[in-house]
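Novice: One predicted model, sequence on top.
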Amino acid sequence: MFLKHIGKHNDRKVVIIYRKVPDEGHMALVSYTDNLPSNFHDSIMENLESPAGQAAEELADILFRNLLPDGRSILQAMHAEGFIKKVQTNQVILTPTAKSSARLDEINQILDDMATGEDAAKRMKDLDDNAGLVDPTALKSTDVVTDDPMSDASIANDLLTQSQKMATEAEGLLAESKRLEAEAYAMNPALKPKRATAKKKATAKKRVATKAKA
């Protein structure tokens, strides 16, 4: 099975969050999978293996838009809890399959050359012959990401989106709660809270009046 965004750094398995750090092309952002709690690991791998995750040029784009079971953005939570590390791209080995590998810095250069229209076919063939690399064109996505998902503006927009989504869900849950309540009372009227009778109301008013005079 061919999978993007996975590799090794110093013989430790990693997921590659950003294959290149903005303004630091020789650095990448990765997360060591053996350090991740199960809730993080399962959510990350589920998104990584999804069609959207495999189509994304950067895994960060998918992790930014999707949530952990506790409702937090996966990417923001990873950043907040220190699960993202910056490492040199020439130290990261991509392992898209069990029998193929290539250095991340070499793949980055090839993809950059392709993006600028330069002929990288020979270099791809050399890598394939020498490193057993599966067709590197499969590593490229046609989607171009222009926004930095770690910027304050992007995070603020995401939080607002999440807030609006939660508000909509809350309204739906409240409406469903009222519907179920009405259905339950219709099935068993004895469950419905009994209203105070006129006699009980009069007695209560009399007690209040008596206390007020005292």
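Specialist: Arrived safely.

Novice: Now do the domain split for this structure, please.
Specialist: Under the assignment automatic domain parsing, the domains of the chain span 6-146, 151-193.

Novice: Pick out the shakiest of those, pLDDT-wise.
Specialist: With a mean of 72, domain 151-193 has the lowest mean pLDDT of the domains of the chain.

Novice: And the strands in the chain, which stretches?
Specialist: Using DSSP state E, the strands of the chain run over 6-9, 12-18, 27-32, 85-88, 92-97, 100-103.

Novice: circling back: the domains of the chain into a markdown table, with extra columns for mean neighbour count?
Specialist: Every residue, glycine included, has its C-beta placed from N, CA and C. Shown next, in a markdown table, are those (neighbours: other CB atoms under 10 Å):
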| stretch | mean neighbour count |
| --- | --- |
| domain 6-146 | 16 |
| domain 151-193 | 11 |
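
Novice: ok, back up a step: turn the strands of the chain into TSV, columns for distance to F64.
Specialist: Below are the strands of the chain laid out as TSV (distance: least, CB to CB, whole Å):
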stretch	distance to F64
strand 6-9	18
strand 12-18	10
strand 27-32	12
strand 85-88	17
strand 92-97	21
strand 100-103	26
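
Novice: Looking at those, which is nearest to S73?
Specialist: Between S73 and the strands of the chain, the tightest spacing by CB to CB is seen for strand 12-18, at 12.9 Å.

Novice: The closest one pairs with which strands, parallel or anti?
Specialist: Strand 12-18 sits in its sheet next to strand 6-9 (antiparallel), strand 27-32 (antiparallel), going by DSSP bridges.

Novice: ok and it relative to strand 92-97, angle-wise?
Specialist: Here strand 12-18 points in a direction 100 degrees away from that of strand 92-97 (axes from the mean of the first three to the mean of the last three CA atoms, to 10 degrees).

Novice: Please renumber the chain so that the first residue is 10 from this point on.
Specialist: Shifting the count to begin at 10 puts that one at strand 21-27.

Novice: one step back: and E66, which of the strands of the chain is closest to it?
Specialist: strand 21-27 (9.9 Å).

Novice: Nice, that's everything, thank you.
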